[in-house]
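1. model this:
(one chain, ligands or ions: 1)
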Amino acid sequence: MQRRPFIGGNWKMNTDLASGAALAQALGAASVNALSSIDVVVFPPFPYLQSVGRALNATAIALGAQDLSSEANGALTGEVSAEMLTDLGVTWVLVGHSERRHRLGESEALVAEKFAMALASGLCAVLCVGETLEERKAGRAHEVVVRQLESALHGLSADSLREIVVAYEPVWAIGTGVAATATDAHEAHREIRSFVSSRYDSELASGIRIVYGGSLVPGNAKTIFAEPGVDGGLVGGASLKAGDFLSICSAAAIGIATG
Ligand code: PGA
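-> Here you go, the predicted model:
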């Protein structure tokens, strides 16, 4: 099955009002021809969603949020609901990013609630999974990833999962400058697809997009994207420079071996 490549730019807690809008404008101006064959989404910080959304208006780049509340509304100081995001033109959301799991203490149960909330609210969700270095060294990488998937997908129907993206992001590769090898990425993606196939069916498994994240840069994107089963990437640091991000997008547009 042909899968449309996906590239996400996770800006994390970076940029400011002016530089975020300028980055979005630079991406939007370049997007017209170059990006028509792939899905490109940027994930700016909450306070800049509106201005970045304006800058991306009428471009091929979609607006995403880095997180959402597991609750619909109410007395939850500091939280941001799915409905608020939709109101701002957000169509994508990251769920279970490793920084939220490991630095901000999000449990697998909370990640699962947020994921279910995103889907129930009509948002497209990127579910992030990945093992720590310790877990990899102990030979537990695949087991950890499968456990995270089992927890987040529990109780969800195959139909509700057709549009999701799974981001395989080994924790040891995020922000370290040490990307996974193409072989590591290939193996992890194969495990994820085979889990989806055994838990649901082969149709969902062959249609679902699985992207790689962790120190992706223009210099390694082509090699990683050439692996069968790698459908694109989630880009952190390199998404803050328009030129680098666009070059990763082009690598996805021309080089992804789908199927
Ligand atoms: P990085 O971040 O590209 O800076 O390693 C990736 C991510 O956290 O999504």
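
2. Could you name the helices and strands sitting against whatever helix or strand T86 lives in?
-> Using DSSP states H and E, T86 maps to helix 82-87. Counting by 3 or more Cβ pairs under 8 Å, 6 or more residues apart in numbering; DSSP states H and E, the packing neighbours recorded for helix 82-87 are helix 108-120. For glycine as for every other residue, the C-beta is placed from the backbone atoms N, C-alpha and C.

3. after the helix it packs on comes which helix or strand?
-> Using DSSP H and E, the next helix or strand after helix 108-120 towards the C-terminus is strand 124-129.

4. and that following strand with the ligand, contact?
-> No: residues of strand 124-129 contacting the ligand under Cβ under 6 Å from any ligand atom: none, with a closest distance of 7.1 Å.

5. What strands line up against that strand, and which way round?
-> Sheet pairing of strand 124-129 (DSSP bridges) gives strand 92-95 (parallel), strand 165-168 (parallel).

6. So T59 is in contact with S31, correct?
-> Yes: using Cβ atoms under 8 Å, T59 makes contact with S31 at a distance of 4.8 Å.

7. Tell me who's in contact with the closest residue to G89 other than its chain neighbours.
-> Nearest residue to G89, sequence neighbours excluded (Cβ to Cβ, 6 or more residues apart in numbering): G53, at 4.5 Å. Residues in contact with G53 (Cβ atoms under 8 Å, 6 or more residues apart in numbering) are L63, L88, G89, V90.

8. Against N57, how distant is the third one?
-> Separation of G89 from N57 (Cβ to Cβ, to the nearest Å) stands at 8 Å.

9. okay, the two: which has more neighbours?
-> Set G89 next to N57 and count neighbours by other Cβ atoms under 10 Å: G89 wins out with 15 against 12.

10. Just list the residues touching the more buried one, thanks.
-> Going by Cβ under 8 Å, 6+ apart, G89 touches L49, G53, L63.

11. Return the set of buried residues in the helix holding T86.
-> By neighbour count on 16 or more other Cβ atoms under 10 Å, the buried set for helix 82-87 is A82, M84, L85, T86.

12. Could you provide the residues you listed in TSV, with additional columns for distance to G219?
-> What follows is the buried residues of helix 82-87, written out as TSV (distance: Cβ to Cβ, whole Å):
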residue	distance to G219
A82	37
M84	38
L85	33
T86	37
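
13. What is the nearest of the residues you listed to the ligand?
-> Of all those, the ligand sits closest to L85, with 18.5 Å by Cβ to the nearest ligand atom.

14. Go ahead and confirm that closest one touches E79.
-> No: in this structure L85 lies outside contact range of E79 using Cβ under 8 Å: 11.3 Å.

15. how about the CA coordinates for stretch 4-23, as CSV?
-> Extracted C-alpha coordinates of stretch 4-23, given in CSV (Å, rounded to 0.1, in the frame of the first residue of the first chain):
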residue,chain,number,x,y,z
ARG,A,4,2.0,9.4,2.0
PRO,A,5,5.3,10.5,3.6
PHE,A,6,5.0,12.6,6.7
ILE,A,7,7.4,15.1,8.2
GLY,A,8,6.7,16.9,11.5
GLY,A,9,8.7,19.8,12.8
ASN,A,10,8.6,19.8,16.6
TRP,A,11,9.8,23.3,17.7
LYS,A,12,9.6,22.3,21.4
MET,A,13,10.1,25.3,23.8
ASN,A,14,11.9,27.3,21.2
THR,A,15,11.3,30.5,19.1
ASP,A,16,9.5,33.6,20.1
LEU,A,17,6.5,35.4,18.7
ALA,A,18,8.5,37.1,15.9
SER,A,19,10.9,34.3,15.0
GLY,A,20,8.2,31.7,15.1
ALA,A,21,6.1,33.7,12.6
ALA,A,22,9.2,34.3,10.4
LEU,A,23,10.1,30.6,10.4
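
16. This completes my enquiry, with thanks.
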